[in-house]
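**Student:** Sequence first, then the predicted structure:
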Amino acid sequence: MFKDFELSLRGGRPVHLFVFTRQALTWRYCSAARDITLDGNTYLAAAIARSAIKQTVETPQDQITINFPYVRDPSAPETPVTQPLGDNWHPYVPADTVGVVCMAYHANDPDAETVVEWQGRVAQPKFTDGKLDLICKPGNGLTAALRRGPKWSRSCWQVPYAPAPRGAGLVRADYEIPGTVTAVSGLTLTAAEFGDTPYSLAGGELSWTRTDGIIERRSIMGHTGNTITILYSGRELAVGASVVALPGCPHTWAAYAARDNTINYGGSVYMPVDDPYDGQSMSWG
């Protein structure tokens with residue numbers, strides 16, 4: 001039935017439905033003049049639109065742009081219904097993935113079925129006057145990290161907290177450091193617990209859970225005593241916030257020995273530092 005409507009000159013104007021997901025949160029919108037409820041889910045009517053969908057052999061050509069109203073002024077007296085969605089990218093860009101599903105629906109279709117037309121993830125936001133454009137790419141981005149084999153080097157190539165043998169096999173819970181932020185100065189955070197670890201937190205990760213359930217994560221750029229410096233700030237990261245710091249790993253044999261984990265070291269300790277043929281002629285003529 002949906003195909004019949006699409007082939008009809010009068011009926012081929014479906015309502016576009018949009019579903020955005022981030023961890024456990026979901027935002028639903030539709031391009032209709034009123035809210036639509038389907039399968040127990042309500043899609044809020046919004047001035048939201050997307051570019052045409054393409055299917056080519058070149059993935060960069062298959063990206064789409066979704067635009068909707070968004071106000072960056074926090075003191076604005078009125079905000080659009082899409083404001084909560086845009087807040088994911090302002091004032092801080094999320095460190096995790098925001099998924100997108102684009103669907104189509106005909107209100108006068110007797111079967112009232114929805115058809116998934118495109119799905120992917122938000123790759124980049126672009127703010128304009130009163131609007132937000134989301135450049136979205138197909139797929140979930142995980143394929144870019146697949147089939148990455150070991151690298152031949154003296155230092156270790158493995159991810160510290162990924163399962164062995166492709167990772168170092170360290171258990172996150174054994175190294176996590178819960179703490180309470182006692183001072184914030186720009187990107188520098190202070191917590192007494194940061195000074196209780198025998199490992200450097202530089203190169204590690206700081207995480208905290210917001211009141212809406214979103215878990216924020218930031219890279220730790222520096223660590224001295226009970227203070228750390230993070231890559232960029234985030235919502236609800238203030239004095240009194242409960243955070244969890246995770247040490248990094250310098251990917252050296254000494255670091256693995258300190259963690260009693262040399263069996264999973266991924267580097268080549270006997271790899272020559274200097275080229276033995278450096279300066280030697282390879283000609284036997």
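**Tutor:** Received, thanks.
**Student:** hey, where'd the strands end up in the stretch 151-285 of the chain?
**Tutor:** 177-180, 183-185, 188-190, 205-209, 215-224, 227-230, 242-246 (DSSP state E, counting those that start in this stretch).
**Student:** Take the ones you listed and write them to TSV, including mean neighbour count, mean pLDDT and distance to residue 71.
**Tutor:** (Glycine included, C-beta is placed from N, CA and C.) Written out in TSV, the entries for the strands of the stretch 151-285 of the chain read as follows (neighbours: other Cβ atoms under 10 Å; pLDDT from 0 to 100; distance: least, Cβ to Cβ, whole Å):
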stretch	mean neighbour count	mean pLDDT	distance to residue 71
strand 177-180	16	98	34
strand 183-185	12	98	27
strand 188-190	19	98	30
strand 205-209	19	98	27
strand 215-224	17	97	23
strand 227-230	20	98	28
strand 242-246	19	98	30
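**Student:** Quick one: closest of these to residue 63.
**Tutor:** With distances scored as Cβ to Cβ, the stretch of these nearest to residue 63 is strand 215-224 (25.2 Å).
**Student:** So in this structure, which strand runs the longest?
**Tutor:** Secondary structure assigned by DSSP state E gives strand 114-128 as the longest strand of the chain.
**Student:** Could you pull up the residues touching residue 258?
**Tutor:** For residue 258, the contacting residues are 198-199, taking Cβ atoms under 8 Å, 6 or more residues apart in numbering as the criterion.
**Student:** pLDDT score assigned to residue 263?
**Tutor:** According to the per-residue confidence, residue 263 scores 87 in pLDDT.
**Student:** Run a quick neighbour tally on it.
**Tutor:** Residue 263 is flanked by 10 other residues according to other Cβ atoms under 10 Å.
**Student:** And for residue 62?
**Tutor:** 17.
**Student:** which non-adjacent residue is nearest it?
**Tutor:** Closest residue to residue 62 apart from its sequence neighbours, by Cβ to Cβ, 6 or more residues apart in numbering: residue 138 at 5.0 Å.
**Student:** Any chance of the strands of the stretch 151-285 of the chain in a markdown table with distance to residue 62 as columns?
**Tutor:** Converted to a markdown table, the strands of the stretch 151-285 of the chain look like this (distance: least, Cβ to Cβ, whole Å):
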| stretch | distance to residue 62 |
| --- | --- |
| strand 177-180 | 42 |
| strand 183-185 | 42 |
| strand 188-190 | 40 |
| strand 205-209 | 32 |
| strand 215-224 | 28 |
| strand 227-230 | 34 |
| strand 242-246 | 36 |
